[in-house]
Every structure is written in C-alpha cells, then in structure tokens.
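Q: Show me the folded form of this:
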Amino acid sequence: MQSAAEWTHMGVAYPLQLHDGKYYISVQAVNNVQRGPLATTVCHSQPITVDRSPPVVQSITNVQYDDGTGVLSMDVEGG
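A: Predicted coordinates for the structure are as follows:
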C-alpha cells in the first residue's frame with residue numbers, strides 16, 4: 001500500500017452474529033516519522049474463542065464485595 005489512507009478504516013458491526021469458534025484480530029500500524037522510513041507493523045491477536053452454549057453452574061461460594069474498590073468476587077464451580 002502506498003499510504004496509510006488506503007487502509008485506514010473504522011467500523012462497528014451490530015448486532016454481531018458470531019458462530020462458535022476461534023477468531024483473530026489483526027492490526028496494522030505505520031510509523032509516520034517526518035522524512036523517515038515508512039515502516040509498518042502487523043500484529044495478530046491470540047485466538048478469541050466464542051462459545052454461545054449456556055454455562056452449567058453447580059455452586060457459587062465465597063461471595064465477597066469490597067466497598068473500597070467496588071469489586072465483587074466469588075468462586076464458581078461448573079460442570
């Protein structure tokens with residue numbers, strides 16, 4: 001590609017109908033230093049797994065809420 005304008009896009013897909021499986025995100029970045037080399041970098045994510053099956057929860061124990069941080073924590077056992 002000759003310039004960043006050729007591949008600079010942004011968008012939102014809603015509602016997003018993803019099927020179960022693994023998905024990857026790829027990002028391309030450009031170093032646009034004045035009078036410097038036009039270096040590009042492509043990064044790929046670790047797989048993001050979509051699993052739309054409902055969870056099976058057997059028990060929830062040790063429920064705690066921290067007023068200072070607003071963090072709710074618990075131990076969940078599933079099958």
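Q: Note down every partner strand of the helix or strand hosting residue 22 and its orientation.
A: Counting by DSSP states H and E, the element that carries residue 22 is strand 21-23. Applying DSSP bridges, strand 21-23 is found paired with strand 48-50 (antiparallel).
Q: what's the helix or strand that comes right after the strand holding residue 22 packed up against?
A: Per DSSP H and E, the first helix or strand lying C-terminal to strand 21-23 is strand 26-31. Under the contact criterion of 3 or more CB pairs under 8 Å, 6 or more residues apart in numbering; DSSP states H and E, strand 26-31 touches strand 39-44. Where you see a C-beta, it was placed from the backbone N, CA and C, and this is true even at glycine.
Q: Could you check the angle the strand it packs on makes with strand 26-31?
A: Here the directions of strand 39-44 and strand 26-31 differ by 160 degrees (axes from the mean of the first three to the mean of the last three CA atoms, to 10 degrees).
Q: Need the residues that contact strand 39-44.
A: With contacts defined as CB atoms under 8 Å, 6 or more residues apart in numbering, strand 39-44 is touched by 24-31.
Q: Residue nearest the middle of this structure, spatially speaking?
A: The centre of the chain sits closest to residue 48, judged by CA atoms, centre = their mean, with a distance of 7.0 Å.
Q: Quick check: the gap between that residue and residue 56.
A: Taking CB to CB, to the nearest Å as the measure, residue 48 falls 22 Å from residue 56.
Q: Residues in a beta bridge with residue 59, which ones?
A: Taking DSSP bridges as the rule, residue 59 bridges to residue 77.
Q: Tell me the pLDDT of it.
A: In this model, residue 59 is scored at 96, pLDDT.
Q: in this protein, which segments are predicted with low confidence?
A: 1-9, 32-33, 35-37 (pLDDT under 70).
Q: and if we set it to 80?
A: Within the chain, the segments meeting pLDDT under 80 span 1-11, 27-41, 79.
Q: For stretch 54-67, give me every contacting residue.
A: Residues from elsewhere that reach stretch 54-67, judged by CB under 8 Å, 6+ apart: 71-79.
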